[in-house]
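Enquirer: the following block contains a protein sequence and its predicted model.
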There are 2 protein chains.
Amino acid sequence: MKQSIPLPVLERLSILYTVLERLEKEGRTAVSSAELGRIMNVTPHTIRKDINYFGQAGSESGYSVSTLRNTLEKGLRFDVSRKACIVGLGRMGLALMNFSGFKDSNIRIEAGFDSNINRLETLKTDIELYPAYEIPEVVKRKSIELGVITVPPEAAQQTADKLIQGGIKGIINFAPVIIQCDNPAIAIRNFYVLEEFRILSALIQI
Amino acid sequence: MKQSIPLPVLERLSILYTVLERLEKEGRTAVSSAELGRIMNVTPHTIRKDINYFGQAGSESGYSVSTLRNTLEKGLRFDVSRKACIVGLGRMGLALMNFSGFKDSNIRIEAGFDSNINRLETLKTDIELYPAYEIPEVVKRKSIELGVITVPPEAAQQTADKLIQGGIKGIINFAPVIIQCDNPAIAIRNFYVLEEFRILSALIQI
DNA sequence: TAGATTGTTAATCGATTAACAATC
DNA sequence: TAGATTGTTAATCGATTAACAATC
């Protein structure tokens, strides 16, 4: 039930979960695969196939919004709270640190790191801040599972190394660098800002 | 040669381009598909197959770094300069507006928009700022092709509508919302911050 | 009941990996 | 030459779409 879920499916299910959260907040109780498909811009087949990775979850009158949300929450373990940290407290790092979407999620930002100690002193935040060299120790001590890399490209690999040293389990990397990591159990997600613009640039030429 | 390139290939080629830029800066002149594969964590076959969407580009002694970079630049039109704008000047919007990676790229941030006029007045930047209701007019007048959405979720769809009204060609959406757009020629890329954490959360449970 | 909808198997489609001839 | 490497076709793998029986 775990790694058996293909990545594209996991990505869609994760978005589906957010959609269901919204529908629930709006007071909707039932929803069909057809409607979910329209909302998510995929075919109803895909919706049903994706959902069925968790076994039967609907009835002949569609899906119950709350039941389905619950099935996904349990199945994908979104009910488990995860500690995260952010390395590199430039504008992007700070933007993520203050991201309001974490509020009613199970992601807890437990620490921020920066190599510039002066910067650490001037920042005002409730989150504990540490110099970058303390990454392995702090990650280990606080059992932080997820790390975000928002440092300049030159520092990205060594930042990853320190996180891994501390026993990090997953990384979101914003630096325009391909992180090398020989431990396949560590999950890495990349977001390359400039690449996104370039991809659009290539896509839009009619 | 255009939409014939599958999206996964385009995404890899775009990263490959960045890798080649770095190699070129480091003074490297030649590189093999095997080495590029190691750097990018893909098989050499994939590297060669991807590159061959542009026809023959290497020789029996590997690829010339500068020639290959040039081939990709021409093929993917990275040599064309694109105007972009950012809607929603919160922390994330400002972080992107000041992103240093645009410096020696062909992406030009030409305008920033926010619905809060007071905020526009307090921001210090060289980039022209406008109230959100002027989006369609400004986008059209300045021929802005790419738009970034960093507004709260409630405002995301209407922001997209205004950008589209102005004739935008591509959108990068950071709001946790699935943008509805019936024009298939408009490319949309999404980055869902919380989703990324959730996907990691699901991936790391051994 | 009739219509709508799911779950699941089969068919299609597409992407990745493998294999290998050609070449310097 | 021998070794290394590409380009390209073929084989495999995986994901999406289609079809349809089962069910309320």
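Expert: Received, thanks. Residues are numbered from 1 along each chain as shown, chains lettered A, B, ... in the order given.
Enquirer: quick one: contacts for A:Arg82?
Expert: With contacts defined as Cβ atoms under 8 Å, 6 or more residues apart in numbering or on different chains, A:Arg82 is in contact with A:Asn106, A:Ile107, A:Arg108, A:Glu145, A:Leu146, B:Phe197, B:Leu200, B:Ser201. In this view, the C-beta of every residue, glycine as well, is placed from N, C-alpha and C.
Enquirer: sitting in helices, which of the residues you listed do you find?
Expert: B:Phe197, B:Leu200, B:Ser201 (DSSP state H).
Enquirer: out of those, the closest to B:Ile171 would be?
Expert: B:Ile171 lies nearest to B:Phe197 out of the ones in helices among the contacts of A:Arg82, by Cβ to Cβ, at 22.7 Å.
Enquirer: would you mind measuring from the closest residue to that closest one other than its chain neighbours to DNA strand C?
Expert: Nearest residue to B:Phe197, sequence neighbours excluded (Cβ to Cβ, 6 or more residues apart in numbering or on different chains): A:Ile107, at 4.7 Å. Using Cβ to the nearest atom of the strand, to the nearest Å, A:Ile107 is found at 29 Å from DNA strand C.
Enquirer: for A:Glu35, same thing?
Expert: 8 Å.
Enquirer: hang on, that residue in a helix?
Expert: Yes. Read with DSSP: H, G, I helix; E, B strand; the rest coil, A:Glu35 is one of the residues of a helix.
Enquirer: can you count the residues close to it?
Expert: Close neighbours of A:Glu35, defined as other Cβ atoms under 10 Å in any protein chain shown, add up to 16.
Enquirer: what of A:Asn41?
Expert: 11.
Enquirer: show me the contacts for the nearest residue to it once chain neighbours are set aside.
Expert: The spatially closest residue to A:Asn41, leaving aside those adjacent along the chain, is B:Ile178, at 6.5 Å (Cβ to Cβ, 6+ apart). Shown in contact with B:Ile178 (Cβ under 8 Å, 6+ apart): A:Ile15, A:Val19, A:Ile39, A:Met40, A:Asn41, B:Asn190.
Enquirer: please pick the buried ones from these.
Expert: A:Ile15, A:Val19, A:Ile39, A:Met40, B:Asn190 (16 or more other Cβ atoms under 10 Å in any protein chain shown).
Enquirer: contacting residues for the first one?
Expert: Right, the one you point to is A:Ile15. Counted by Cβ under 8 Å, 6+ apart, A:Ile15 has contacts A:Met40, B:Ile178, B:Tyr192, B:Glu195.
Enquirer: isn't the first one up against A:Val19?
Expert: So the one you mean is A:Met40. Yes. Counting by Cβ atoms under 8 Å, A:Met40 does reach A:Val19; the two are 6.5 Å apart.
Enquirer: would you format the buried ones among the contacts of B:Ile178 as JSON lines with pLDDT and secondary structure included?
Expert: Listed next are the buried ones among the contacts of B:Ile178 as JSON lines, based on pLDDT from 0 to 100; DSSP: H, G, I helix; E, B strand; the rest coil:
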{"residue": "A:Ile15", "pLDDT": "96", "secondary structure": "helix"}
{"residue": "A:Val19", "pLDDT": "96", "secondary structure": "helix"}
{"residue": "A:Ile39", "pLDDT": "95", "secondary structure": "helix"}
{"residue": "A:Met40", "pLDDT": "96", "secondary structure": "helix"}
{"residue": "B:Asn190", "pLDDT": "97", "secondary structure": "strand"}
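Enquirer: farthest-apart pair in the residues you listed, please.
Expert: With Cβ to Cβ as the measure, no two of these lie farther apart than A:Ile39 and B:Asn190, at 13.7 Å.
Enquirer: same question for stretch A:30-37, mean pLDDT?
Expert: Rounded to a whole number, the mean pLDDT of stretch A:30-37 is 95.
Enquirer: on the three-state scheme, the most centrally placed residue in chain A is what?
Expert: Note on chain A: the residue nearest the mean C-alpha position is A:Ile172, at 7.3 Å, using Cα atoms, centre = their mean. On the three-state scheme (three-state DSSP), A:Ile172 is labelled strand.
Enquirer: how near is it to A:Arg82?
Expert: Counting by Cβ to Cβ, to the nearest Å, the gap between A:Ile172 and A:Arg82 amounts to 12 Å.
Enquirer: list residues touching both of these two?
Expert: A:Leu146, B:Phe197, B:Leu200.
Enquirer: out of those, who's nearest DNA strand D?
Expert: Nearest to DNA strand D, judged by Cβ to the nearest atom of the strand, of the shared contacts of A:Ile172 and A:Arg82 is B:Leu200 at 17.7 Å.
Enquirer: neighbours of that closest one, how many?
Expert: Residues near B:Leu200, counting by other Cβ under 10 Å: 25.
Enquirer: how about the strands in chain A?
Expert: Under the criterion DSSP state E, strands of chain A are mapped to A:30-31, A:63-64, A:82-87, A:107-114, A:129-131, A:146-149, A:170-173, A:187-190.
Enquirer: neighbouring strands - and their directions - for the third one?
Expert: So the one you mean is strand A:82-87. Applying DSSP bridges, strand A:82-87 is found paired with strand A:107-114 (parallel), strand A:146-149 (parallel).
Enquirer: reformat the contacts of A:Ile15 as a markdown table; add distance to A:Arg91.
Expert: Below are the contacts of A:Ile15 laid out as a markdown table (distance: Cβ to Cβ, whole Å):
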| residue | distance to A:Arg91 |
| --- | --- |
| A:Met40 | 31 |
| B:Ile178 | 27 |
| B:Tyr192 | 20 |
| B:Glu195 | 22 |
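Enquirer: out of those, flag the one nearest to DNA strand C.
Expert: So of these, ranked by how close each gets to DNA strand C (Cβ to the nearest atom of the strand), first place is A:Met40, at 12.9 Å.
Enquirer: burial measure for the residue lying closest to A:Gln180 once chain neighbours are set aside, as a count.
Expert: Once flanking residues are discounted, A:Gln180 sits nearest to A:Gln157: 6.5 Å by Cβ to Cβ, 6+ apart. By the criterion of other Cβ under 10 Å, A:Gln157 has 18 neighbours.
Enquirer: equivalent analysis for A:Tyr192, please.
Expert: 20.
Enquirer: mind checking pLDDT for A:Val206?
Expert: Heads up, residue A:206 is Ile, not Val. 67.
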